[in-house]
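**Q** Prediction below, plus the sequence it came from.
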Amino acid sequence: VQLQASGGGSVQSGGSLRLSCAASGPTFSRYSLYWFRQAPGKEREFVAAINWSDRNTYYADFVKGRFTISIDNRKNMVDLQMNNLKSEDTAVYYCAADPRKYYSSLYPVYWGRGTQVTVSS
């Protein structure tokens, strides 16, 4: 499994960014796909997840209503639309994948390299 994240950058508070993760490897029909983030000096934390099969989505409380995770079947990509960004959203964002359906304590097996998101106030 290979995962390649892109779309990071710098934006002002209140702005939007869209992250994309290109997934390649096996058939992902039974996989769950994730976005995590890690801010300087902090632990990596869960942001959002989606099951490829049923498209159920899951979000951390701090992004509900602002971020949307989605799958583009044709391109085998997982996107994270981030709106109303705040300075505390500044972090390196990672996409990840796991061959199981999402559950809350699951730590994905496969990880891509991160992409930096910087939000200035």
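**A** Structure's in. What do you need?
**Q** any idea what sits nearest the residue positioned nearest the centre of the chain, other than its immediate chain neighbours?
**A** Centroid check for the chain by Cα atoms, centre = their mean gives Trp35 as the closest residue, at 2.3 Å. The spatially closest residue to Trp35, leaving aside those adjacent along the chain, is Val47, at 4.4 Å (Cβ to Cβ, 6 or more residues apart in numbering). Just so you know, the C-beta spots here come from the backbone N, C-alpha and C atoms, and that holds for glycine as well.
**Q** so after whichever strand or helix holds the one you found, what's the next helix or strand?
**A** Element membership for Val47 (DSSP states H and E) is strand 45-51. Using DSSP H and E, the helix or strand that follows strand 45-51 in sequence is strand 57-59.
**Q** So which elements touch the next helix or strand after that next one?
**A** Toward the C-terminus, strand 57-59 is succeeded by strand 67-72 as the next helix or strand (DSSP H and E). For strand 67-72, the packing partners by 3 or more Cβ pairs under 8 Å, 6 or more residues apart in numbering; DSSP states H and E come out as strand 32-38, strand 45-51, strand 57-59, strand 77-82.
**Q** if we can go back for a sec, could you measure the residue nearest to the centre of the chain against Ser121, distance?
**A** 23 Å (Cβ to Cβ, to the nearest Å).
**Q** remind me which residues of the protein are low pLDDT?
**A** Nowhere does the chain drop to pLDDT under 70.
**Q** one step back: please look at the residue nearest to the centre of the chain and Leu19 and confirm they touch.
**A** Yes - using Cβ atoms under 8 Å, Trp35 is in contact with Leu19, at 7.0 Å.
**Q** And for Phe46, the neighbour number?
**A** The local packing of Phe46 (other Cβ atoms under 10 Å) involves 20 other residues.
**Q** List the residues that contact it.
**A** Shown in contact with Phe46 (Cβ atoms under 8 Å, 6 or more residues apart in numbering): 34, 36, 60.
**Q** which of those residues lies closest to Val117?
**A** Proximity of the contacts of Phe46 to Val117, judged by Cβ to Cβ, is greatest for Phe36, which lies at 12.2 Å.
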